[in-house]
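*Asks:* pasting the structure only:
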Ligand code: SF4
Ligand code: SF4
């Protein structure tokens, strides 16, 4: 795509980067075929190519964002299906990040929108506040229908209430399990924010599984939210502050012999692997961030290095839902399926597996209507292959899909822990007894 940034603009590293990204786009439109919002809404401005045009015009002419630009950029899920599809190598992720930050700096959103965003970013990255909010949301769930009827910003409140778990929240058990064989590595696991409150069982299962194969696991003191949630809302400074904190914590641990930083929520993994890029222009952090990103692995990538033994086949069919952040954001597609097969499960691919479930960080709160349509589409596709269990590697997808189907959905690591001697995951304890017996 031809660009017309001025020499003065190109002297600014951010705009020079935007220019290089936009120039790679050859307008072919292949990306429209896999873009969930284009598929659902059919509007060119809700396609990757349309959004690239909008961002080009906004950045090139140094225009403040307006209602229309904010609408179409806000509707982007940052699912990155377009990046996987693009034959020209357009780095859409970093362009939309710049676009969102520009919108945040230059556009005054309506009051209801501002309040919702401020609330989400003040609560979700902080486990204590999030726990309190979820407790309140569970009590308020019966009001969801009434909020929907009020319309406007209240539909977001209704979406938040519907996403609250039905069962009471459990406390995270962070005790380190005994190693079952001589220590072969020492890794830090991200405790994170939302996942640690919504489902602490995921990291507990991961710790048990790793300890069984001789890997010492710990939570590094001082780590916190990876910054993905504010980052996707264009709240650049908040995201950078969270990233710097984690870089400081893990760089210290790496200096004293840490082998890897393990992530069990792929939405966080994509952001942490991108710390090197996020902090590239910060002289105090660029090198440390590069080191941390290079040591960061999704749990399934790490497990592939451990050569887990083949288990006897089970009678359990697993639909593997490939989170966008894992398949498009990190290019991790085969490891989860290979590990589940090796653990004895029968893995079934989900039709339209490249299409987002609508979770996308805070998207299902901020864009409940489109997120709801994508959830229905995803659940239809999953149910069409009649699995006993659904597995996924991201808490956002797990929460979103669980709110639309009765088929139990668990994290891939929970199934692997179970297959290698751990307890039955809580969510499977009520499964049909024949399926449980077969397993
Ligand atoms: S597929 Fe790539 S090159 Fe083609 S229009 Fe989309 S972003 Fe541009
Ligand atoms: S990130 Fe996803 S929603 Fe956004 S333009 Fe790309 S494919 Fe479409």
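*Replies:* Sure, I can see it. The model shown is predicted, which means the values in this text are computed figures rather than measured ones. Ligands and ions are numbered 1, 2, ... in the order given.
*Asks:* Identify the residues contacting residue 119.
*Replies:* Contacts for residue 119 (CB atoms under 8 Å, 6 or more residues apart in numbering) come out as none. C-beta coordinates here come from the backbone N, C-alpha and C atoms, glycine included.
*Asks:* just residue 257 next, same as before
*Replies:* Contacts of residue 257 (CB under 8 Å, 6+ apart): residue 186.
*Asks:* ok now the top helix by length along the chain, how far from the chain's centre?
*Replies:* Identified as the longest helix of the chain according to DSSP state H is helix 236-255. Remark: helix 236-255 is offset 18 Å from the chain centroid, using CA atoms, centre = their mean, to the nearest Å.
*Asks:* What is the neighbour count of residue 213?
*Replies:* Around residue 213 there are 17 other residues, counting by other CB atoms under 10 Å.
*Asks:* Now it: closest residue in space that isn't a chain neighbour?
*Replies:* Leaving out its chain neighbours, the residue that sits closest to residue 213 by CB to CB, 6 or more residues apart in numbering is residue 306, at 5.1 Å.
*Asks:* Quickly find the element holding the one you found.
*Replies:* Under the criterion DSSP states H and E, no helix or strand holds residue 306.
*Asks:* What parts of the protein come near ligand 1?
*Replies:* 25-31, 48-49, 82, 85-86, 88, 90 (CB under 6 Å from any ligand atom).
*Asks:* I'd like to know how many residues surround residue 245.
*Replies:* For residue 245, using other CB under 10 Å, the count is 16.
*Asks:* Residue 291: what's it in contact with?
*Replies:* 251, 254.
*Asks:* In the stretch 251-400 of the chain, which residue sits nearest ligand 2?
*Replies:* The stretch 251-400 of the chain approaches ligand 2 most closely through residue 356 (6.5 Å), counting by CB to the nearest ligand atom.
*Asks:* tell me the secondary structure for that residue?
*Replies:* coil (DSSP: H, G, I helix; E, B strand; the rest coil).
*Asks:* And residue 38, by the same measure?
*Replies:* helix.
*Asks:* ok so, going back, what packs against the longest helix of the chain?
*Replies:* helix 228-232, helix 275-278, helix 286-295 (3 or more CB pairs under 8 Å, 6 or more residues apart in numbering; DSSP states H and E).
*Asks:* doesn't residue 125 make contact with residue 193?
*Replies:* Yes. Assessed by CB atoms under 8 Å, residue 193 is found in contact with residue 125 at 4.8 Å.
*Asks:* who has more neighbours, these two?
*Replies:* residue 193 (26 against 22).
*Asks:* got any ranges where the stretch 1-150 of the chain has weak pLDDT?
*Replies:* Along the stretch 1-150 of the chain, segments meeting pLDDT under 70 are nowhere present.
*Asks:* Residue numbers of it in contact with ligand 2?
*Replies:* 35-37, 48, 51, 76-82, 92.
*Asks:* For stretch 58-67, which outside residues touch it?
*Replies:* 3-5, 9, 15, 18, 57, 69, 73, 98-99, 102-103, 106-107.
*Asks:* again, but for stretch 275-287
*Replies:* Applying CB under 8 Å, 6+ apart, the contact partners of stretch 275-287 are 13, 94, 227, 231, 239-240, 243-244, 246-247, 271, 288-290, 292-294.
*Asks:* tell me the strands in the protein, going along the chain?
*Replies:* 185-189, 215-218, 260-263, 296-298, 317-321, 346-349, 389-392, 409-411 (DSSP state E).
*Asks:* Mind listing the strands the third one pairs with, and their directions?
*Replies:* It stands for strand 260-263. strand 185-189 (parallel), strand 296-298 (parallel) (DSSP bridges).
*Asks:* Quick one: distance of it to the chain centre.
*Replies:* 15 Å.
*Asks:* The fifth one too?
*Replies:* Remark: strand 317-321 is offset 18 Å from the chain centroid, using CA atoms, centre = their mean.
*Asks:* Confirm for me that residue 369 is in contact with residue 152.
*Replies:* No. Residue 369 is beyond contact range of residue 152, at 11.8 Å (criterion: CB under 8 Å).
*Asks:* Counting neighbours, what do you get for residue 338?
*Replies:* So residue 338, with other CB under 10 Å, has 15 neighbours.
*Asks:* How many residues are close by residue 109?
*Replies:* Neighbours of residue 109 under the rule other CB under 10 Å: 16.
*Asks:* I'd guessed it sits against residue 115; true?
*Replies:* No. Counting by CB under 8 Å, residue 109 does not reach residue 115; the two are 9.4 Å apart.
*Asks:* For the closest residue to residue 185 other than its chain neighbours, give me its contacts.
*Replies:* Excluding its sequence neighbours, the residue lying closest to residue 185 (CB to CB, 6+ apart) is residue 259, at 4.4 Å. Contacts for residue 259 were tallied using CB under 8 Å, 6+ apart; they are 185, 186, 187, 295.
*Asks:* one more time with 7 Å, if that's ok
*Replies:* By CB atoms under 7 Å, 6 or more residues apart in numbering, the contact set of residue 259 is 185, 186, 187.
*Asks:* Pick the most buried one from the helices and strands packed on helix 236-255.
*Replies:* helix 228-232 (a mean of 25; mean count of other CB atoms under 10 Å).
*Asks:* and that helix, what other elements does it pack with?
*Replies:* helix 236-255, helix 266-273 (3 or more CB pairs under 7 Å, 6 or more residues apart in numbering; DSSP states H and E).
*Asks:* okay, whatever residue of the stretch 301-439 of the chain ends up closest to ligand 1: pLDDT?
*Replies:* The nearest approach of the stretch 301-439 of the chain to ligand 1 comes at residue 328, 13.3 Å away (CB to the nearest ligand atom). Listed pLDDT for residue 328 reads 98.
*Asks:* so it touches residue 82, yeah?
*Replies:* No. With contact defined as CB atoms under 7 Å, residue 328 does not reach residue 82; the gap is 8.3 Å.
*Asks:* Could you dump the strands paired with strand 260-263 into CSV with distance to residue 211 added?
*Replies:* Listed next are the strands paired with strand 260-263 as CSV, based on distance: least, CB to CB, whole Å:
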stretch, distance to residue 211
strand 185-189, 11
strand 296-298, 17
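*Asks:* okay, those in TSV with mean pLDDT and mean neighbour count next?
*Replies:* Shown next, in TSV, are these (pLDDT from 0 to 100; neighbours: other CB atoms under 10 Å):
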stretch	mean pLDDT	mean neighbour count
strand 185-189	96	20
strand 296-298	98	27
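*Asks:* what would those strands look like in JSON lines with distance to ligand 2?
*Replies:* Shown next, in JSON lines, are the strands paired with strand 260-263 (distance: least, CB to the nearest ligand atom, whole Å):
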{"stretch": "strand 185-189", "distance to ligand 2": "28"}
{"stretch": "strand 296-298", "distance to ligand 2": "19"}
